[in-house]
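In: Make a model of this:
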Amino acid sequence: MKKILLFSLIFLFVLSFSFKEVYSQAKLSIRRGVNLTGLEAPFEGSWGVYVKDEYFDLVKKAGFDHVRIPVRWNGHALYEPPYTIRDYIFNRVDQVIDLAFKNRLYVVINIHNYDEIMQNPEKHKDRFLALWDQIAEHYKNYPDTLWFELLNEPNTNLTPQVWNEYLAEAIKVIRKTNPTRKIVVDTANWANYSTISFLKLPEDQNLVVSFHYYNPFNFTHQGADWVQPQLPVGVKWTGSDQEKKLIERELDFTVDWAKRNGNVPLWMGEFGAYYRADMESRVRWTDFVARSAEKRGIAWAYWDFASAGFGVYDGLNKMWRTQLLKALISETKIK
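Out: Down below sits the predicted model:
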């Protein structure tokens, strides 16, 4: 009898632990996504990447369930009150969202590459809030498969403390017209996983916390010309126990924080390794990061779809980089 009772208690403990592990994932309607870049540039195509109509069908058929659309709204709005956003950028984003919806994909739009607010937050606070007031009003009648991400990678002078103040005010602005839409909040310091502990969220049942994952940085960004001093190439990721434990420990850090903060859902809004790393290492790292996130109930969006540096798809030759795709979605039917 004692053995049966002990077994029952162990079974219930394991069962409850399992539910806790997948709880944050169960609260989200998305699991695996990809960043469709192009609109975060000064103008679409100015960095050599466009959001093409055919991409959405490709993304859906490959097995992804959502797309993140980075948008440089701040580059298409007045710098003086009322900070009006130009009609042409709304029209273009509308087209992109509609294409995603036609392919049964969730969509996350954000404010991306707002460099000025990072340098001078106080000067740009009102403009930032006015941008969200207009975006929220424009999309208030869209289905709940459209999510808002407040700001990509707060950094520099937009410190964790200042960001906590601004995010709370931005959420209030959005909630006036979108009372239940999912709102994604990036962590501070370039959406670093470690600064999740500084994040202070208002009471709201429809928030999602996002972090970006590029560790080890000397591997994922080797040879990248925007990183100064430039990191040397030739760094491999072999998948050793030590390398794996580092990633697991850092992802666990975010999950532990989420559990202490009402089981807020987590979304790894960016991760990827630059093309200057060898493909075998990129595939090993990508697969391990994606699977490790999934085991912890963390949804993810790969960076990115079709750029030359990170892309899982070769836009120039119109073909998948199949090894990377299978690292992301092993069961994909794409060959």
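
In: thought Leu199 was touching Ala191?
Out: No. The pair Leu199 and Ala191 fails to qualify as a contact (C-beta atoms under 8 Å) at a distance of 10.7 Å. For glycine as for every other residue, the C-beta is placed from the backbone atoms N, C-alpha and C.

In: in this structure, which ranges drop under the pLDDT threshold?
Out: The chain contains residues with pLDDT under 70 at 1-27.

In: could you show me where the helices are in it, in order?
Out: All helices of the chain, identified by DSSP state H, fall at 2-26, 54-62, 87-102, 115-119, 121-138, 160-175, 188-191, 217-220, 241-260, 279-295, 322-328.

In: by contact count, what packs against the fifth one?
Out: Okay, so that is helix 121-138. strand 106-111, helix 115-119, strand 146-149, helix 160-175 (3 or more C-beta pairs under 8 Å, 6 or more residues apart in numbering; DSSP states H and E).

In: switch to 10 Å and redo it
Out: With contacts taken as 3 or more C-beta pairs under 10 Å, 6 or more residues apart in numbering; DSSP states H and E, helix 121-138 sits against helix 87-102, strand 106-111, helix 115-119, strand 146-149, helix 160-175.

In: Pipe these into a markdown table and attach distance to Ser240 per row.
Out: Output for the helices and strands packed on helix 121-138, formatted as a markdown table (distance: least, C-beta to C-beta, whole Å):
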| stretch | distance to Ser240 |
| --- | --- |
| helix 87-102 | 39 |
| strand 106-111 | 34 |
| helix 115-119 | 36 |
| strand 146-149 | 34 |
| helix 160-175 | 33 |
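
In: Let me know which of the ones you listed is tucked in deepest.
Out: strand 106-111 (a mean of 24; mean count of other C-beta atoms under 10 Å).

In: strand partners of it, parallel vs antiparallel please.
Out: When pairing is defined by DSSP bridges, strand 106-111 lines up against strand 66-71 (parallel), strand 146-149 (parallel).

In: which stretch among the ones you listed comes nearest Thr187?
Out: strand 146-149 (12.0 Å; C-beta to C-beta).

In: Give me the contacts around the closest one.
Out: Residues from elsewhere that reach strand 146-149, judged by C-beta atoms under 10 Å, 6 or more residues apart in numbering: 28-30, 66, 68-71, 97, 100-101, 106-112, 132, 135-136, 139, 170-171, 174, 178, 181-186, 206, 208, 210, 267, 269.

In: Now that strand - C-alpha only, PDB.
Out: The C-alpha trace of strand 146-149 is given here as PDB (Å, rounded to 0.1, in the frame of the first residue of the first chain):
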ATOM      1  CA  LEU A 146      -1.800  40.400 -35.600                       C
ATOM      2  CA  TRP A 147       0.500  41.100 -32.700                       C
ATOM      3  CA  PHE A 148       2.300  44.400 -31.800                       C
ATOM      4  CA  GLU A 149       5.900  44.400 -30.600                       C
END
